[in-house]
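J.: Turn this into a model:
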Amino acid sequence: MARELATRFGYGEIRTPMFESTDLFVRGVGETTDIVEKEMYTFQDKGGRSMTLRPEWTAPVVRAVLQHNLLAQGPQRLFYIGPFFRYERPQAGRYRQANQFGIECFGYAGAEADVEVMQLAILLLRRYGIADATLRVNSIGDAMCRPHYREALLEYFRPFAGQLSADSRSRLERNPMRILDSKDPEDRKLVENAPTFLDQLCDACEEHFAEVRGYLDALGLPYVVDPRIVRGFDYYTRTVFEIVSPSLGAQNAVCGGGRYDGLVESLGGPPTPAVGFGMGEERFLMVAREHEAEPPREGLQVIALGDAARAWLMPVVGALRSRDDAGPVHMDFATRRIAAQFKVAERNHARWALIVGDDELAAGSIVVRDLDARSEQKLEVGIGREATAVAGAIVSAIGAA
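T.: Model prediction:
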């Protein structure tokens, strides 16, 4: 479904290796980020080069775009699906090897691109019936207004330096914005009263953020402006956003992304505006299961009561599975009592059960039970009839019911 939706928006798939040069992530993600400092799986290859298992997708996608000179063809809309690796404490929906679906849009500086990627993420959640998700947006400025915000943060946090966590103290002078992303409870109390970026935006960034909100309103996409949102990577500029769901508890982000206009240039490419998001598949599926409706019953559960019945039914099952109009066809090859067979049918959400035992074999018939209506009929098929003809009779019988 994610692939189909991305294709509808005009995005094509890109794939990158599972490991890259460590320097790519140090330069791209930021050396003071938790990922680079604590969470990367890094090793030396036989040539003595430092390599890292992919901890995130955006920097590798940019590297591939530059290596293959894709930007020479104009703006690029790309999506990816695949694993990433982080050494962190496993928790609900987070694993040391996890999977991610994401979007990267290169070449568009306007707010239209920001809103395009947000809409794609929201529509994907809606397709899975996730109605309680909330889009939260913020702006963290650019190279023009960020220095002013850095000074405002330093002025605020320095008097509290002794109360900060060890990680935040080490980052105070190097990169005080990283403190805003701290998960330490004591840090979070201080962050609540820290200056916000919205108070420091330059005119251009303020105008861009206003345009983002205007397009969200125009598309009818509900959102909340959250001045406390930051992203965990240094490459983000201007628009940042998260989609959160109460189904996940305290760590409630399903999806996160934003604009990263300086990343391509920092990795050796031409100045290129870009925006995207990443969505962890495991966390997404946790939320989707909370909202999952009972799947509709469909298809057939074939129940053979005895070896002779199973031998007779096997070609019939093959013929049913060869048809396009029979739906899913399940058959349990184990020898079980009929009550256990019906439990298997329930797990498979089958609509119909086809039952053949010794009595049905002798009579040349099949019992067809409607598992929704709890009713049944006996279908006379003849014991020597071709399997394809029997399959046709079964499909006609359940279609007429």
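J.: Output the below-cut-off pLDDT ranges for the chain.
T.: Low-confidence segments of the chain, defined by pLDDT under 70: 32, 34, 89-94, 232-233, 247-251, 291-294, 400-401.
J.: domain assignment for it?
T.: Listed domain ranges for the chain are 2-145+201-290, 300-400 (source: automatic domain parsing).
J.: and those, which is most packed in?
T.: domain 2-145+201-290 (a mean of 18; mean count of other Cβ atoms under 10 Å). No exception for glycine: its C-beta is placed from N, CA and C like everyone else's.
J.: and that one, how far apart are its ends?
T.: One end of domain 2-145+201-290 to the other measures 19 Å (Cα to Cα, to the nearest Å).
J.: So that it lines up with my notes, have the first residue be 438 from now on.
T.: That works, and once the first residue is 438, the last one we named lands at domain 439-582+638-727.
J.: Any idea how far it is from the middle of the chain?
T.: 11 Å (Cα atoms, centre = their mean, to the nearest Å).
J.: Now do stretch 725-745: distance to the chain's middle.
T.: 26 Å.
J.: Run through who's touching that stretch.
T.: 565-569, 684, 747, 750, 753-754, 757, 763-769, 772, 775, 778-779, 781-782, 785-795, 798, 808-809, 831, 835 (Cβ atoms under 8 Å, 6 or more residues apart in numbering).
J.: Next step: those residues restricted to strands.
T.: 766-768, 789-793 (DSSP state E).
J.: Surely residue 573 touches residue 678?
T.: Yes. Taking contacts as Cβ atoms under 8 Å, residue 573 lies within contact range of residue 678: 6.4 Å.
J.: which neighbours do those two share?
T.: residue 666.
J.: so where do the strands sit in the stretch 538-687 of the chain?
T.: Applying DSSP state E, counting those that start in this stretch to the stretch 538-687 of the chain gives strands spanning 571-576, 661-662, 674-681.
J.: Compare these and give me the one nearest residue 597.
T.: Comparing the strands of the stretch 538-687 of the chain against residue 597 with Cβ to Cβ, the closest turns out to be strand 571-576 (22.5 Å).
J.: Run through who's touching the closest one.
T.: 555, 559, 634-635, 638, 642-643, 645-646, 649-650, 653, 658-667, 675-682.
J.: re the thing from before, select, out of the strands of the stretch 538-687 of the chain, the one closest to residue 545.
T.: Checking the strands of the stretch 538-687 of the chain against residue 545 by Cβ to Cβ gives strand 674-681 as the closest, at 12.2 Å.
J.: Now do the contacts for the spatially closest residue to residue 573 that is not a sequence neighbour.
T.: Leaving aside its sequence neighbours, residue 573 sits nearest to residue 663 (Cβ to Cβ, 6 or more residues apart in numbering; 4.1 Å). Residue 663 makes contacts with 573-575, 679, as judged by Cβ under 8 Å, 6+ apart.
J.: Just give me the closest of these to residue 446.
T.: Nearest member of these to residue 446, counting by Cβ to Cβ, is residue 574, at 19.2 Å.
J.: Now the closest one. Nearest residue, chain neighbours left out?
T.: residue 678 (4.6 Å).
J.: re earlier: the contacts of strand 571-576 in helices, which ones?
T.: Per DSSP state H, helices hold the following members of the contacts of strand 571-576: 555, 559, 642-643, 645-646, 649-650, 653.
J.: Switch the residues you listed over to TSV; also include distance to residue 703.
T.: Listed next are these as TSV, based on distance: Cβ to Cβ, whole Å:
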residue	distance to residue 703
555	24
559	29
642	19
643	24
645	20
646	23
649	23
650	28
653	28
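J.: quick one: which of those residues is nearest to residue 609?
T.: Looking across the ones in helices among the contacts of strand 571-576 and measuring by Cβ to Cβ, the closest to residue 609 is residue 642, at 24.3 Å.
J.: OK, contacts around the closest one?
T.: Counted by Cβ under 8 Å, 6+ apart, residue 642 has contacts 576, 578-579, 581-582, 675.
J.: give me that answer again for 7 Å
T.: Contact partners of residue 642, counting by Cβ atoms under 7 Å, 6 or more residues apart in numbering, are 576, 578-579, 582, 675.
J.: Over to residue 453?
T.: Residue 453 neighbours (Cβ under 7 Å, 6+ apart): 497-498, 501.
J.: Adding distance to residue 535 and secondary structure, write those residues out as TSV.
T.: Below are the contacts of residue 453 laid out as TSV (distance: Cβ to Cβ, whole Å; DSSP: H, G, I helix; E, B strand; the rest coil):
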residue	distance to residue 535	secondary structure
497	15	helix
498	17	helix
501	21	helix
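J.: between those, which is nearest residue 701?
T.: residue 498 (10.2 Å).
J.: OK, contacts around that closest one?
T.: 451, 453, 515, 517, 541.
J.: can you do 10 Å?
T.: Residues counted as contacts of residue 498 (Cβ atoms under 10 Å, 6 or more residues apart in numbering) are 451-453, 507, 513, 515-517, 539-541, 543, 700, 711, 713.
J.: any idea how far residue 756 is from it?
T.: 47 Å (Cβ to Cβ, to the nearest Å).
J.: before we move on, what about residue 449?
T.: 40 Å.
J.: ditto for residue 499
T.: 52 Å.
J.: how close does residue 696 sit to residue 472?
T.: 19 Å.
J.: Residue 706: which element?
T.: If you go by DSSP states H and E, residue 706 is not part of any helix or strand.
J.: That one reaches residue 508, doesn't it?
T.: Yes. Using Cβ atoms under 10 Å, residue 706 makes contact with residue 508 at a distance of 6.7 Å.
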